[in-house]
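S.K.: Mind looking at a prediction? Sequence and model below.
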Amino acid sequence: MLTFAAVAASLTVVACGNEGIDQDEADRIQERASQVQEDAQRTAEEVRAGTKDAEQAAEEIQEDVNGLANDTIDAAKDADIPDEAREQLEAAQEQMNAAQGQN
């Protein structure tokens with residue numbers, strides 16, 4: 001679920017790209033979000049097939065999500081984005097931080 005929350009928040013920022021986030025940066029974030037989602041799906045398939053340990057897979061996915069979230073938040077820090085998008089980013093960051101505290 002956290003993966004999808006981070007991806008959704010990233011795509012919200014990308015959608016606001018013309019309001020302050022550099023378009024090249026927005027494109028890079030969108031590509032990274034797609035890659036994280038694809039990697040998470042591939043990893044889930046590996047766990048189901050028994051070729052990857054579930055705990056290891058969760059750690060790998062969490063690292064990818066954290067990187068994506070940090071990139072997204074960094075891109076949005078100085079951008080002129082709507083309050084709703086900023087709130088979504090803050091919520092995703094809070095979830096990420098809470099998840100990190102559990103590991």
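M.R.: In hand now; what should we look at? This is a predicted model, so every value here is computed, not measured. Numbering: from 1, shown residues only.

S.K.: quick check: longest helix of this structure.
M.R.: Counting residues, the longest helix found in the chain (DSSP state H) is helix 23-49.

S.K.: Which element is encountered next along the chain beyond it?
M.R.: Heading C-terminal from helix 23-49, the first helix or strand you meet, by DSSP states H and E, is helix 54-77.

S.K.: For that next one, buried residues please.
M.R.: Buried positions in helix 54-77, judged by neighbour count with 16 or more other C-beta atoms under 10 Å: 57-58, 61-62, 64-66, 68-69, 71-73, 75-76. For every residue, glycine as well, the C-beta is placed using N, CA and C.

S.K.: Tell me the helices and strands packed up against it.
M.R.: Contacts defined by 3 or more C-beta pairs under 8 Å, 6 or more residues apart in numbering; DSSP states H and E place helix 54-77 against helix 2-15, helix 23-49, helix 83-102.

S.K.: can those helices go into TSV with extra columns for mean pLDDT and mean neighbour count?
M.R.: Listed next are the helices and strands packed on helix 54-77 as TSV, based on pLDDT from 0 to 100; neighbours: other C-beta atoms under 10 Å:
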stretch	mean pLDDT	mean neighbour count
helix 2-15	59	20
helix 23-49	90	15
helix 83-102	74	14
